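K.L.:
Generate coordinates for the sequence data below:
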Amino acid sequence: MFVSYKYADDKVKNLSIWGLTTVRDYVDKFEKVLEESDDIYRGESDGEDLSDYSEDTIWEMLKDRIFDSSVTVVFVSPGMKEVGLQDKEQWIPWEISFSLKETSRKTKSGNSVRVSHTNAMLAVVLPDENGSYSYYLEPLNCCEGHCIQHHTEKLFEIIKNNKFNRSKNPLKKTCKNGTVWSGTCSYIEAVKWEDFIGDYEKYINDAIERRDSIDEYEICKSIN
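P.N.:
Numbers count the residues shown, from 1 in each chain. Here you go, the predicted structure:
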């Protein structure tokens with residue numbers, strides 16, 4: 001399992017009264033509840049300037065962590081996007097892109113090629129400094145259907161483009177504000193941290209089921 005996150009982002013709810021909490025602390029907490037058999041690979045090259053790197057060079061820096069994973073979890077946090085930088089200059093979009101692409105590598109002996117297929121994907125939304133998820137998941141009072149608005153403008157484009165992208169048998173409903181998506185509608189579904197950490201295996205298994213039905217989604221694998 002690969003976890004993509006902005007580890008220095010401290011615009012999140014404190015996990016304790018001792019010191020400042022960052023997204024890295026949430027990743028550490030998640031790692032503690034994982035089964036011993038689950039390997040976790042973490043993106044930790046935060047803050048490095050990518051503007052002068054080619055795509056091949058970035059892949060070389062990430063491949064050992066992403067290639068052997070089958071699931072990628074991206075932690076969504078209020079400060080995950082650095083203001084003033086393009087998506088291609090930040091790590092998370094590249095981690096998502098390579099997680100979605102089918103890639104191949106030669107074995108160490110160089111005699112054969114191993115192929116890594118598209119990862120299952122899941123977005124875990126962390127609470128902000130006030131303990132609220134509304135910066136991304138905002139409950140609405142438009143109808144009795146308990147609609148939730150996803151503020152996808154807060155996401156990197158490659159994540160946004162894999163939201164609401166179910167092309168086969170999409171489920172939709174109508175409320176007074178128009179037609180809204182319903183049920184499983186995104187390849188990268190979003191879940192609140194408090195729900196995820198209480199039953200992470202369920203959400204991981206749901207992501208794997210979506211990957212097994214990947215033909216039902218229009219997958220975006222490239223960074224604009």
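K.L.:
Name whatever forms a beta bridge with Arg166.
P.N.:
Beta-bridge partners for Arg166, by DSSP bridges, are Tyr217.
K.L.:
That one contacts Ser182, correct?
P.N.:
No. Applying Cβ atoms under 8 Å as the test, Arg166 and Ser182 come out as separate, 10.6 Å apart. All C-beta atoms are positioned from the backbone trio N, CA, C, and that covers glycine.
K.L.:
now do the same end-to-end measure for stretch 153-163.
P.N.:
Using Cα to Cα, to the nearest Å, the end-to-end distance of stretch 153-163 comes to 11 Å.
K.L.:
Arg166 and Ser182 - which one has more neighbours?
P.N.:
More neighbours surround Arg166 than the other of Arg166 and Ser182, with 20 against 13 (other Cβ atoms under 10 Å).
K.L.:
contacting residues around that one?
P.N.:
Listed by Cβ atoms under 8 Å, 6 or more residues apart in numbering, the contact set of Arg166 reads Thr184, Cys185, Ser186, Tyr187, Glu216, Tyr217.
K.L.:
Return the member of the residues you listed nearest to Arg210.
P.N.:
Arg210 has its nearest neighbour among the contacts of Arg166 in Tyr187, at 5.8 Å by Cβ to Cβ.
K.L.:
The closest residue to the closest one other than its chain neighbours and Asn141, how far apart?
P.N.:
With sequence-adjacent residues excluded and distances taken as Cβ to Cβ, 6 or more residues apart in numbering, Tyr187 is closest to Tyr217, at 4.3 Å. Computed as Cβ to Cβ, to the nearest Å, the Tyr217 to Asn141 distance reads 30 Å.
K.L.:
So the two - more neighbours on which side?
P.N.:
For Tyr217 versus Asn141, neighbours defined as other Cβ under 10 Å are more numerous around Tyr217 (21 against 7).
K.L.:
distance of the more buried one from Glu189?
P.N.:
From Tyr217 to Glu189 the distance is 11 Å (Cβ to Cβ).
K.L.:
list the residues that contact both of the two?
P.N.:
Listed as contacting both Tyr217 and Glu189 by Cβ under 8 Å, 6+ apart are Arg210.
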